[in-house]
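Participant: need a 3D model of the sequence below.
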Amino acid sequence: MSATSFDAAASGRTENDRGQGASAAREIVLSLRSLNKQYERGKSVLSDVSLDFPAHGVVAIIGPSGTGKSTLIRCINGLEAHDGGR
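Facilitator: Below is the predicted model of the structure:
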């Protein structure tokens, strides 16, 4: 799964940001940078995932079965150890 898979869903744009232009301050409560996870050597489940989660609004992580959505959430909440990134 690449970082671009999640860019649209977690772009950080909320209803409150629309129409306020680039000058609107955006508080980020969770930031992931270059997150990587492999269950088997050489088989990446998450590869270089970078996301910012805004303080306000709703973020949806969507995609087909087997693309790493649950693994991403498990890495965020500490149920799975990630292999790289922060």
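Participant: distance of the residue positioned nearest the centre of the chain relative to V59?
Facilitator: Nearest to the geometric centre of the chain sits L51, at 3.9 Å (C-alpha atoms, centre = their mean). From L51 across to V59, the span is 8 Å (C-beta to C-beta, to the nearest Å). C-beta coordinates here come from the backbone N, C-alpha and C atoms, glycine included.
Participant: next: L35.
Facilitator: 15 Å.
Participant: tell me which of these two has more neighbours.
Facilitator: L35 (23 against 15; other C-beta atoms under 10 Å).
Participant: for that one, pull up the helix or strand it's in.
Facilitator: Element membership for L35 (DSSP states H and E) is strand 28-40.
Participant: buried residues in the helix or strand following that strand?
Facilitator: Per DSSP H and E, the first helix or strand lying C-terminal to strand 28-40 is strand 43-54. Under the neighbour-count criterion of 16 or more other C-beta atoms under 10 Å, strand 43-54 has 45-47, 49-51, 54 buried.
Participant: just flag the most distant two among those residues.
Facilitator: V45 and P54 (25.1 Å; C-beta to C-beta).
Participant: partners of the residue nearest to the centre of the chain in the sheet?
Facilitator: According to DSSP bridges, the partner residues bridging L51 are L32.
Participant: hang on, it packs against S31?
Facilitator: Yes. Contact status for L51 versus S31: in contact at 7.4 Å, counting by C-beta atoms under 8 Å.
Participant: mind listing what's buried along the longest helix along the chain?
Facilitator: Assignment by DSSP state H gives helix 69-76 as the longest helix of the chain. Residues 69, 71-72, 75-76 are the ones in helix 69-76 that count as buried (16+ other C-beta under 10 Å).
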